[in-house]
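Undergrad: Need a 3D model of the following:
(chains A and B)
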Protein chains: 2
Amino acid sequence: MYIEIDFNSDEAIYIQLRNQIIYGIATSKIQEGDNLPSVRELADIIGINMHTVNKAYTILKQEGYVKLDRRRGAVIAIDLNKLQAIEDMKDALRVVLAKAICKNINCEEAHKIINEVFDEFERG
Amino acid sequence: MYIEIDFNSDEAIYIQLRNQIIYGIATSKIQEGDNLPSVRELADIIGINMHTVNKAYTILKQEGYVKLDRRRGAVIAIDLNKLQAIEDMKDALRVVLAKAICKNINCEEAHKIINEVFDEFERG
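TA: Below you'll find the model as predicted:
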C-alpha cells in the first residue's frame, strides 16, 4: 500500500491518511481481511506521530472500514450497512452540491463529474 | 437567515457555520450582495466564540463565497471561477465516491442520490 501525505495541505494529516486508506480499498489495492501496518510501523514509514495514525485508524473503525483486533491490529473489515452508507453519502453530498449550486454548476454537469471520478477509480 | 448549529456534532462549529451559509446561498435565502451579520452579532446570536465566526468567514472568503469589506463587513460575493469550482468539486467527490465504492454503492445509485439531493435544494 502506497500512502501519500501532503504536509503542506490544509487538510489534517489523520484525515489524509484515512482518505488514502479508503482510496486503497476503493481501488482494490487493499482488501477485506488485509492487515494494515501497525500504528508504530506506519508512523515510522510516513514520519508522523503515532497518535495521528491512531486517530486515523479509530475513525476508520467508527466509519466501518476496519476492525481493531487485539492480536492482528487493524484489519480491513467493511461494514456493508448500505442504508447507513447511503445516508452518510447524502450528508456528504449536501455540502458538495450546495457549493456546486452556488458556483453555477448544474445537475447535468454534476452527473458528468461523477462519471469522470468513477472512471478514475475504475482505471485504479 | 436561519443558522442551525449542532453542538453535539463531531463536525467543528466553524465548519457547520460555513456549511449553513453555503446552504443559505444554494437555496437563495441569502444572495449576492447581501450582508452577513457582524462577527460579534452572529457570535452572540448563536452563543459561540467570536473567533469561531471569524474562522468561518475567513474560509468563506478563501473559498470564494464572501468578500470582507472594511465598512460593510462580510458581504456575499460569489467567485464564479467555474473551472476552479469543478476541480474543487472533483476533489471533494473523490473521497465521497471512494467511500461509496467501498460500501458497494454503484455508479447508478450514486446518480440517483445526486438527483435526490438536487431535488432537496430545489424545494429549498
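Undergrad: going forward, measure contacts between C-alpha atoms and count neighbours the same way
TA: Fine.
Undergrad: does A:Lys61 sit in a helix, a strand or a coil?
TA: Secondary structure for A:Lys61, judged by DSSP: H, G, I helix; E, B strand; the rest coil, is helix.
Undergrad: count of neighbours near the closest residue to it other than its chain neighbours?
TA: Of all residues not flanking A:Lys61 in the chain, A:Lys67 sits nearest, at 5.6 Å (CA to CA, 6 or more residues apart in numbering or on different chains). When neighbours are defined as other CA atoms under 10 Å in any protein chain shown, A:Lys67 has 21 of them.
Undergrad: Show me which residues of chain A are close to chain B?
TA: Taking CA under 8 Å from any CA of the partner chain as the test, the list of chain A residues beside chain B reads A:19, A:22-23, A:25-26, A:78-82, A:85-86, A:89-90, A:92-105, A:107, A:111, A:113-115, A:117-118, A:121.
Undergrad: May I see the buried residues of the longest helix seen in chain A?
TA: Criterion DSSP state H: the longest helix present in chain A is helix A:82-102. Using 16 or more other CA atoms under 10 Å in any protein chain shown as the test for burial, helix A:82-102 gives A:85-86, A:89-90, A:93-102.
Undergrad: before we move on, what about stretch A:111-124?
TA: So stretch A:111-124, judged by 16+ other CA under 10 Å, has buried residues A:His111, A:Ile113, A:Ile114, A:Asn115, A:Val117, A:Phe118, A:Phe121.
Undergrad: Helix or strand for the third one, just tell me which one.
TA: Read it as A:Ile114. Remark: A:Ile114 resides in helix A:107-122, with elements defined by DSSP states H and E.
Undergrad: Tell me what angle that helix forms with helix B:82-102.
TA: Counting by axes from the mean of the first three to the mean of the last three CA atoms, to 10 degrees, helix A:107-122 lies at 50 degrees to helix B:82-102.
Undergrad: what helices or strands is helix A:107-122 leaning on?
TA: helix B:82-102, helix B:107-122 (3 or more CA pairs under 8 Å, 6 or more residues apart in numbering or on different chains; DSSP states H and E).
Undergrad: what separates it from the chain centre, distance-wise?
TA: 18 Å (CA atoms, centre = their mean, to the nearest Å).
Undergrad: what's the answer for stretch A:6-18, then?
TA: Distance of stretch A:6-18 from its chain centroid, counting by CA atoms, centre = their mean, is 12 Å.
Undergrad: Report the buried residues of that stretch.
TA: Buried positions in stretch A:6-18, judged by neighbour count with 16+ other CA under 10 Å: A:Ile13, A:Tyr14, A:Ile15, A:Gln16, A:Leu17, A:Arg18.
Undergrad: Need the max-distance pair from the residues you listed.
TA: The distance between the two most remote of those (CA to CA) is 8.5 Å, for A:Ile13 and A:Arg18.
Undergrad: How many neighbouring residues does A:Asn49 have?
TA: A:Asn49 has 15 nearby residues by other CA under 10 Å.
Undergrad: hang on, the earlier thing: helix or strand next in line after the helix or strand that contains the residue nearest to A:Lys61, which one?
TA: Using DSSP H and E, the element containing A:Lys67 is strand A:66-69. The helix or strand immediately downstream of strand A:66-69 is strand A:73-76, counting by DSSP H and E.
Undergrad: got the contact list for that next one?
TA: A:30-38, A:57, A:65-69 (CA atoms under 8 Å, 6 or more residues apart in numbering or on different chains).
Undergrad: Now do that strand, average pLDDT.
TA: For strand A:73-76, the mean pLDDT works out to 95.
Undergrad: again, but for stretch A:33-48
TA: When pLDDT is averaged along stretch A:33-48, the result is 95.
Undergrad: separation between the residue of chain A most remote from its centre and A:Ala110?
TA: Largest separation from the mean C-alpha position in chain A: A:Asn104, at 27.8 Å (CA atoms, centre = their mean). Computed as CA to CA, to the nearest Å, the A:Asn104 to A:Ala110 distance reads 10 Å.
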